[in-house]
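Asks: Pasting the sequence and the predicted model now:
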Amino acid sequence: MATAIVNYENLSNEQILANFQDAILEKVKREYKEKIKNGKALKSHYLRVESDPEPYTRRKIEPLIQKFLPFIDFEAEIHKKTSLGRLKKPDAFIGSRDLKVNKNVLIEWEPFNEDLRAKKEHGVNQAKVWISDISIGQYHDALVTNGKDWIFITTQQIRDEIRVIEQDLTVKSALKLMENIYNVKKAFKPPLEESIDITEKFYNWYVALIHGGEYIDKNNERRVISKQNCLFNNVLNTSSKEEKEKFIRINFTRLIFIRILTEYGIIKEDILNFLKDTNPEDFYNRINQLFFETLNTPPKERENIPKKYKEIPFLNGGLFRKKPIDYKGLKIRKDAYVDAIEFLRTFHFKKEYEYNENNYYIDNTIDPEILGHILEKTIEDRKESGVFYTPQVITEFMANDIIENYLKEKIIDFLKKKNDTQWKYIDHFNDIFNFNNLILKKIFNTIIKNIKICDPAVGTGAFLLSCGNKLFHIRKKILKKLDINETDTKIKKEIIQGNLYGVDIKEVAIDICKLRLWLWIIQKGDEGPLPNIDFNIRKGNSLVGYTNIETIKIDKEDISSWQTKADLIKNFLKRVTLIKNYYSLKNPSEHKIVKNKIDEITNIFNGNLNKAIINELEKEKLKIIKAEILDLNVFHWIMEFSEVFEKNNGFDLIIGNPPYFRITSAPKLEQKVIGKLGILKKYHHGQGDIYYDFIVRSYELLRPGGHFTFITSRYWLESAYANYLKKFLKEQVNLIKIIDFREHLIFKGVDINNLILSYTKERTKKSNGSFIVFLSREDFTLKSKSGNLVEYLTEIGKFNIDNWEKDENWAFVPKEQKELFMKIKRIKTKLRDDYNCNQYSNSFRKKHKPILTFEGTPNNIPEKYLRKYRKMGEIKKFSVDTIYDKYVIVLHNLREAWNDKTLNRYLISNNVSKNDIVEIKNDSDKNIDKYDEIIYIAYRINRLTYNFIYNDDHTWVDNTYFITKKKSTAFSLKYVVAILNSELMRYYIDVVGKKKDFEIEIGANFIKNLPLIVKRASLNQTDLNIIEEIEESISKIINCEKQNIGIDNLIEDLNKKVYDLYRINKNEQVLIKAYIADTSNKLYKN
């Protein structure tokens, strides 16, 4: 008898699923039927006749599907239809009738109600493995079901890569998909426009979980989490914002680590899924048991834990050790916690598909290495600017460069001391691997195993990871040649505990850095405890604290509470021995005892060192108390890393990306303290950027001969506040290299231009003051995952640090322009030799400008207090525009002016008090009236299109710097304005100026340092004649401009005269004109 065909379109999703469930329940024992109805997964013992629940589910539901779709054939002989090879075979197969329209569909059945995403080698995860294989995914999609839930797995082009994606379907949508495949109609595809970058998806969803807001879910659909349901507003037993954020952060970090360990197979069960299904009243007890009584407890010491936890390995490492916040009784409501768990279970944290050319990239796969950046960014709640971090291509390049250069130098010195001439054959670092095994083993044990690397602003550990990877590959290569077998885990543990160090002032950064280093160590299947890196990655203020025992100031009256410095050293070394013992302990139970001893020594001596700092600050006339010193998070390097500073006299390498912010944004006490201690007493500016201080402070952290490299903002090259930093680089170190990325942006979402700076700690400069400069090429780009930075850099040659004064801007140009630029720069005379530059001042506070400036001559102000007035926008190319009739009040004698009844009446009627008036004395350099001629320029000027303005009628021009003569013998200011507005100087100013998009920020010091041919007595008659011609030309230009007569030809003629004066030949003129044209086109083409 023919089976009746049922039209599924006439049924709801709920009705269809109810029919499926009824079919399943037919052979389920009575006592388990309610569990099935409540969503529990079907188990074999639920059935009257025990059998595998997966084929049972398929046998019950496939016939019902065929009532809806009688023409569909669920083929069983899968191996004949696919190219799955050794992979687990799917349960069924629907063949496409036209592969140009639809792919074949592989069917994966799971037991009724089973979680389709829970198991690594089943369900969705298994289907993704099939489809990620290009040979399979090219011709097949997959459909995963437990009869109740339906998930479609397919490939999709997203940006520049093909990804394996998943889409939840309703049962009717799944039936429609199967029907379309049979009818050769285009099957369903997820909407392309909703597909976004996986990192962005993870970040936005994570932010929404914590703070509420919109995100894109696993199906690429827009969702919203309300403020009421976000994690932040579901932390119980506290109202403190800081405590809530800290509690969320530590719980999320632990959950992510558990999720990753599950994916790596180290935790066998999907333990997060178990937590999700725990009864509400037992929920937090189960979490605490997992974190503290299981993951932080050796198996032999565990008591009363659930069976599910029995096989979970002991991790040690500190992440699951109770922190102060864990003792405060805080909880997150179960519903919000479960949302967090579900969020994590949506994403994969694997790499095995990413770099395999035979596999598509599986969507929702997060590289564990970017997790740190996401977590740190989110918890700081900087939601508007997006995710940014030092790209891996940068960290890898810097790590490779500094490690290879340092080791090469040390190995050559080592061989020279042994009179071994093999050093002559080391041209490149890799040449060391050609040495015989005896020498290579000595180099390995003496130099490579003992290298000490530190990031003093470690953040989430990106640079330490790249350094770790570099050292790992060097060790592997040497060990292979020496025929020594060591596991990757053992090598990485030794590197983390013996070579890598980091400090950061933020606890969140320290926790995440440790997490990333642990993830780096873990190999799939590893079950040993994590290494403890508590003593390598530390919280503290890198800028404040002692680095050398000789710098510790101990007053005689305090000596009773101290030991001698020799005894201090003994205690430091005792602490080093304890740390070594701690790392070597096999019995986890002994860790706590030894750690307590180490902490006791550390706390006692840190307290005494803090007293020494208080004494030292008092001598600098800065009095602070003990509580304040604790707020500073003082970090005593000599104590915390005594094995480095007592045995090694500092780090071999300093690497990193320090924070970028003005020191004025730091806490007030820190602002006062930083410039009072150590080397920063000599090289610090209270208005500078904090990263300047990190560059200088790193000198004290390095051993003699140590190497330094930072990526920072490039603006120190052009900032007056960085003059002390330039002085430091000239006086204290051997500057090795600058890589200037110019206007190319390195950090996603951050409008900051960067450079890489490298130096060595050497008193005598081996390079005689010369350093190499690289510029980023015009086609510079950063690959998202990897790439060779060297491909995008051009070496422009060596520069001598003595070419620059400490108070002038440093600048670098492409190789073909280097000689031209240096030719202009080498002009020995500067504008400051014969001229002054000052900042314009008004006679009133800014808020009163509308009251004390006037359109037309005011009737109620005495004429002697009025001056012609303009703003910088009310000018022509070379002169002040005469069409405006504006005036400003200028007061040279405050007492006289205030006693003038007419003026006084006007001021008081407009609420201007005597304190609001600024007196500009007659003899002041700011008094425009005393100059017969003057040149004005704005604070910020448009690149290449700016104009210096000449004036000789005492007009006051607001928001400017102004140039005046300081010697009567100096050439006229008409000559100066001609040079400053010439093509040659526009080129030079654009190269050396502090650029920001379309503008250059200038200052009085910048203007004074411009190379200007002056000093009449030193010039020959030819030059004097040219200068006279230039003065005549500029007079013509100004007269024509005032009469609105065209001046373009006159300007071109003027440029030629300036080129002649500066001895710029035709080829060099071509370079200048090309630079101006190309740069203008980039800036203003739209």
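Replies: Received the coordinates, thanks.
Asks: C-alpha only now, for contacts and for neighbours.
Replies: Will do.
Asks: Tell me where the longest helix sits in this protein.
Replies: helix 588-619 (DSSP state H).
Asks: Any buried residues in that one, and which?
Replies: 588, 591, 594-595, 598, 602, 605-606, 609-617 (16 or more other CA atoms under 10 Å).
Asks: what does stretch 298-309 give?
Replies: Pro298, Arg302, Tyr309.
Asks: Then stretch 872-883?
Replies: Buried-residue list, stretch 872-883, by 16+ other CA under 10 Å: Met872, Ile875, Lys876, Lys877, Phe878, Ser879, Val880.
Asks: Around the residue lying closest to Leu236 once chain neighbours are set aside, count how many other residues there are.
Replies: Counting by CA to CA, 6 or more residues apart in numbering, the nearest residue to Leu236 once its immediate chain neighbours are dropped is Lys331, at 5.1 Å. By the measure other CA atoms under 10 Å, the count of residues near Lys331 is 17.
Asks: hang on, isn't Leu735 packed against Gly769?
Replies: Yes - in this structure Leu735 lies within contact range of Gly769 using CA atoms under 8 Å: 7.1 Å.
Asks: rewinding a little: so for the longest helix of the chain, what's the average pLDDT?
Replies: Mean pLDDT, helix 588-619: 83.
Asks: what's the offset of the next helix or strand after it from the middle of its chain?
Replies: Later in the chain than helix 588-619, the nearest helix or strand by DSSP states H and E is helix 626-631. Computed by CA atoms, centre = their mean, to the nearest Å, the separation of helix 626-631 from the middle of its chain amounts to 30 Å.
Asks: Touching helix 626-631 from outside, list them.
Replies: Asn610, Lys611, Ile614, Leu669 (CA atoms under 8 Å, 6 or more residues apart in numbering).
Asks: dump the residue contacts of the first one.
Replies: Put plainly, it is Asn610. So Asn610 contacts Lys626, Ile629, Val634 (CA under 8 Å, 6+ apart).
Asks: what's the spacing between the first one and Lys539?
Replies: When distances are taken as CA to CA, to the nearest Å, Lys626 and Lys539 turn out to be 19 Å apart.
Asks: quick one, which of those two is more surrounded?
Replies: Lys539 (22 against 11).
Asks: Where does pLDDT dip in the stretch 951-1086 of the chain?
Replies: Residues of the stretch 951-1086 of the chain that meet the criterion pLDDT under 70 lie in 1086.
Asks: Tell me how the chain divides into domains.
Replies: 8-194, 200-359, 405-502+533-637, 653-658+681-810, 832-845+869-885+924-1084 (automatic domain parsing).
Asks: Kindly reformat the ones you listed as a markdown table containing distance to Lys914.
Replies: What follows is the domains of the chain, written out as a markdown table (distance: least, CA to CA, whole Å):
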| stretch | distance to Lys914 |
| --- | --- |
| domain 8-194 | 63 |
| domain 200-359 | 46 |
| domain 405-502+533-637 | 36 |
| domain 653-658+681-810 | 31 |
| domain 832-845+869-885+924-1084 | 10 |
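Asks: Which one of those domains lies nearest to Met398?
Replies: domain 653-658+681-810 (7.3 Å; CA to CA).
Asks: out of the buried residues of stretch 298-309, who's nearest Thr145?
Replies: Among the buried residues of stretch 298-309, and counting by CA to CA, the member closest to Thr145 is Tyr309, at 28.7 Å.
Asks: Near Asn430, how many other residues are there?
Replies: Asn430 has 11 nearby residues by other CA under 10 Å.
Asks: Please report how far it lies from Thr487.
Replies: 23 Å.
Asks: next one: Leu25
Replies: 52 Å.
Asks: and what of Leu973?
Replies: Taken as CA to CA, the span from Leu973 to Thr487 is 75 Å.
Asks: Looking at these two now, which is surrounded by more residues?
Replies: Comparing Leu973 with Thr487 by other CA under 10 Å, the one with more neighbours is Leu973, at 21 against 8.
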